[in-house]
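Asks: Okay, sequence plus prediction incoming.
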Amino acid sequence: MNDAITRPLLVAEHFGPTLQGEGSSAGKPALFIRLSRCNLSCPACDTPYTWDWSRFNPRLEARKITADALHRWAMSYKTELVVITGGEPLLQQDALRPLVRSLAIAGRRIEIETNGTIAPDPDIIEYVSQFNVSPKTATFAGSDATRVHRINPDALRNFASSQKAVFKFTVSSAEDLDEISLHAAEFGLEPVWIMPEGTTPEVVLGRMSWLAEEVIKRNWNLSGRLHILLWGDQRGR
Ligand SMILES: Nc1nc2[nH]cc(C(=O)O)c2c(=O)[nH]1
Ligand code: SF4
Ligand SMILES: [Mg+2]
């Protein structure tokens, strides 16, 4: 076994099989590997236990697990789709590279959920099936994050040119939609998916109903949050 695959990743949780709840693969059975740490600090983040050490204890919320152990765990299921999320998983792309490669070679489909601020390297692009890139709007990222923090033009253009990216924006207010149009035009982001912010079925459905008309008008795509509709804000689903 080569060295690289024994290098540990900092993992918040790994779970499944469940269903991919978001974006263009929603409804597919999937395993999830959630990496710890994030480079943003969005007030409405639904996974603060990956980064907010004023509320969570990093010694309890993050464990070092080798790529080899994660590979063996994923291969113990016949589930084709493996979603790597966070936090921001590309903060650990050096340690992630051997895992993505070994799972892809074993026939698994890998999706990476990312906030789009860190450009993926060529090896990651080669072995990943799809990047679900979620750039953060001003409303979502909060006043601490300047545009410089949350929007990285080089990284976004890199994702757009990979031909493997789907751009999934989380929306809580109508103002977000104009900002999203500007980003999409400036960086060539396509396809655009719009997903309601919300961690209860009521909020998700309520926002989806007014978003639907706006999305149709702009020729975008609408995503639900299937796991929230089915199981609420339960961890590990
Ligand atoms: N079922 C399910 N689908 C998801 N899609 C993206 C998720 C995420 O937290 O990034 C997620 C999640 O946490 N659960
Ligand atoms: S980028 Fe994602 S994981 Fe990071 S703080 Fe924002 S919502 Fe949470
Ligand atoms: Mg989630």
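Replies: Everything's here; your move. Numbering: from 1, shown residues only. Ligands and ions are numbered 1, 2, ... in the order given.
Asks: need the next SSE after the longest helix along the chain, C-terminal direction.
Replies: If you go by DSSP state H, the chain has its longest helix at helix 201-217. Sequence order places strand 221-222 as the next helix or strand after helix 201-217, per DSSP states H and E.
Asks: Strand partners (parallel or antiparallel) of that next one?
Replies: Note on strand 221-222: by DSSP bridges, its sheet partners are strand 192-196 (parallel).
Asks: now the angle from the partner strand to helix 201-217?
Replies: 150 degrees (axes from the mean of the first three to the mean of the last three Cα atoms, to 10 degrees).
Asks: Show me what counts as buried in the longest helix of the chain.
Replies: For helix 201-217, burial by neighbour count (16 or more other Cβ atoms under 10 Å) applies to 201, 204, 207, 208, 211, 215. Every C-beta, even on glycine, is put in place using the N, C-alpha and C of the backbone.
Asks: Also stretch 84-102?
Replies: 84-93, 95-102.
Asks: What about ligand 2: which of those touch it?
Replies: When contact is defined as Cβ under 6 Å from any ligand atom, the buried residues of stretch 84-102 meet ligand 2 at 86, 87, 88.
Asks: contacting residues for residue 194?
Replies: Taking Cβ atoms under 8 Å, 6 or more residues apart in numbering as the criterion, residue 194 is in contact with 168, 169, 171, 177, 180, 211, 214, 215, 220, 221, 222, 223.
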